[in-house]
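Asks: build me a structure from this.
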Amino acid sequence: MDINITNVNSIKELSRKLETVFSEVKVQRNVLLVKKGNKTYRIKHKRDNLFSVELAIPVVYNALGGASGLLCFLTGFTGFIFIFLAIVVLLLIITGVYQLANKKDLEVFVEKLQDDGYSPESNSHIDKKEKRTTEQVAEANAAASVKTENKVSEKIGQLEWSVDNGKLTICGQGQMPSYNDYTDYPWCALKTETRQIVIEQGVTSIGERAFQGFFNVTEIVIPESVTTIERLAFGYCKALEEIVLPDTITSLGKRAFAHCYSLAALIIPESVNFIGDDLLDGCANLEYLLVQWETPLEVDDSFIISLPNSATLLAPKDGMENYREDNKWRWILSKVAYEKTDLHNLNMLNPYQICRVLHGMEIKRMRDN
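Replies: Sure thing, here's the model as predicted:
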């Protein structure tokens, strides 16, 4: 499968970018090998921005070829040609069947490359996004580079943003614009020095990729006016340990919190009626996921699969049986029931503390019984 990757012209350059996304990335003979789960993907540079992506054939198939070659040698020259051709045909069939059987995985992998901003989206998707000119991006980044000294604010759509000593504040009335490329956001140049993000009352949405790659952010404040968090809005905020979602949120976009490695707990409000694919993909240190629906929300398989095996689901006691029987939610092995009244009495604590207390209450209840 061929894919165009913008602003990348070599395997070495792509390798450096992907090392921030995948844990196992290595270059062998000008071929980039990327391991995701139990599969390895091979990426070759064809020309300019064009790369080819394919699934690597498992070692067991290569071993089969080697064993067949040995059989040829032992058989002798008489049957060599016949066996050699048979082996070639067999390996081609195996390769074809393997690639076809895993076509969906390959498409998902390529889509992940696209989602993380290394490749352009389909034209239909780009047309729906605002796109700034190169000159506008350069001007915004130049302004952002002196923002900490001048402490001035700047407009973005209907909103206004400002920065002061590592605190990025977004204020105003209405939706936050969404851009196809996170580098188009005027505050992108501040992502390494920003420690706190404060979105003030009046802002109704958090745009796609708005704060993607803000590696050092430890605190994010979201007001009750926000109803939508779009795709990859907080992706790769690696230092973020907690975030409080207001009870007004209705939609959490695809991979909105992907690769927030330090996130220990997330409480999803009952108001949420949509969860995008792979919402918590790469959140390896997530210990608790607390949900407030008594009837499980319909979610994609990828949402459940992306959760770490060590994560514990906390669900309302009156609906716990529904989660145990649901075709998707039941695959979360560790489940803890809680009383909704207990949850409301703990609203002064942070999400991780709330989950720890509720977990402890359930353990105590079980012992008492």
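Asks: how about the helices in the stretch 251-369 of the chain?
Replies: Taking DSSP state H, counting those that start in this stretch as the test, the helices found in the stretch 251-369 of the chain are 301-305, 320-325, 340-344, 351-368.
Asks: tell me who's in contact with Gly319.
Replies: By Cβ atoms under 8 Å, 6 or more residues apart in numbering, Gly319 lies in contact with Trp293, Glu294, Thr295, Pro296. (Each C-beta comes from the backbone N, C-alpha and C, glycine too.)
Asks: could you redo the last one with a cut-off of 10 Å?
Replies: By Cβ atoms under 10 Å, 6 or more residues apart in numbering, the residues touching Gly319 are Val291, Gln292, Trp293, Glu294, Thr295, Pro296, Asp326, Ala337, Lys340.
Asks: the first one and Ala311 touch, don't they?
Replies: This means Val291. No. Counting by Cβ atoms under 10 Å, Val291 stays clear of Ala311, with 11.9 Å between them.
Asks: which neighbours do those two share?
Replies: Residues touching both Val291 and Ala311 (Cβ under 10 Å, 6+ apart) are Leu266.
Asks: ranges for the strands of the stretch 201-350 of the chain?
Replies: 205-206, 219-221, 228-229, 251-252, 265-268, 274-275, 288-291, 312-316, 334-338 (DSSP state E, counting those that start in this stretch).
Asks: need these in TSV with distance to Leu245, can you?
Replies: Converted to TSV, the strands of the stretch 201-350 of the chain look like this (distance: least, Cβ to Cβ, whole Å):
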stretch	distance to Leu245
strand 205-206	11
strand 219-221	10
strand 228-229	8
strand 251-252	8
strand 265-268	7
strand 274-275	12
strand 288-291	11
strand 312-316	15
strand 334-338	17
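Asks: including distance to Asp184, mean pLDDT and mean neighbour count, could the ones you listed go into a markdown table?
Replies: Shown next, in a markdown table, are the strands of the stretch 201-350 of the chain (distance: least, Cβ to Cβ, whole Å; pLDDT from 0 to 100; neighbours: other Cβ atoms under 10 Å):
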| stretch | distance to Asp184 | mean pLDDT | mean neighbour count |
| --- | --- | --- | --- |
| strand 205-206 | 15 | 97 | 24 |
| strand 219-221 | 20 | 96 | 17 |
| strand 228-229 | 18 | 97 | 23 |
| strand 251-252 | 22 | 97 | 20 |
| strand 265-268 | 28 | 96 | 21 |
| strand 274-275 | 25 | 96 | 16 |
| strand 288-291 | 32 | 97 | 22 |
| strand 312-316 | 37 | 96 | 21 |
| strand 334-338 | 41 | 93 | 18 |
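Asks: Asp181: which of these is closest?
Replies: strand 205-206 (16.6 Å; Cβ to Cβ).
Asks: packing partners of the closest one?
Replies: Contacts defined by 3 or more Cβ pairs under 10 Å, 6 or more residues apart in numbering; DSSP states H and E place strand 205-206 against strand 196-199, strand 228-229.
Asks: mind listing what the shortest one pairs with, with the direction of each?
Replies: Read that as strand 228-229. The sheet places strand 228-229 alongside strand 205-206 (parallel), strand 251-252 (parallel), with pairing taken from DSSP bridges.
Asks: those strands into CSV, with extra columns for distance to Glu24?
Replies: Output for these, formatted as CSV (distance: least, Cβ to Cβ, whole Å):
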stretch, distance to Glu24
strand 205-206, 31
strand 251-252, 28
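Asks: which SS state does Ala86 fall under?
Replies: helix (DSSP: H, G, I helix; E, B strand; the rest coil).
Asks: could you measure from it over to Lys39?
Replies: 28 Å (Cβ to Cβ, to the nearest Å).
Asks: pLDDT below threshold where in the stretch 101-250 of the chain?
Replies: 101-153 (pLDDT under 70).
Asks: try it again at 80.
Replies: Within the stretch 101-250 of the chain, the stretches with pLDDT under 80 are 101-153, 180-182.
Asks: check contacts around the residue nearest to the spatial centre of the chain.
Replies: Closest residue to the average C-alpha location of the chain: Ala258 at 2.9 Å, with Cα atoms, centre = their mean. Neighbour list for Ala258: 21, 112, 115-116, 212, 231-237, 276-283, 306 [criterion: Cβ under 10 Å, 6+ apart].
Asks: let's see 6 Å
Replies: Neighbour list for Ala258: Gly235, Asp281, Gly282 [criterion: Cβ atoms under 6 Å, 6 or more residues apart in numbering].
Asks: buried ones in whichever strand in the chain runs longest?
Replies: Ranked by number of residues, the top strand in the chain under DSSP state E is strand 39-47. Under the neighbour-count criterion of 16 or more other Cβ atoms under 10 Å, strand 39-47 has Thr40, Tyr41, Ile43, His45 buried.
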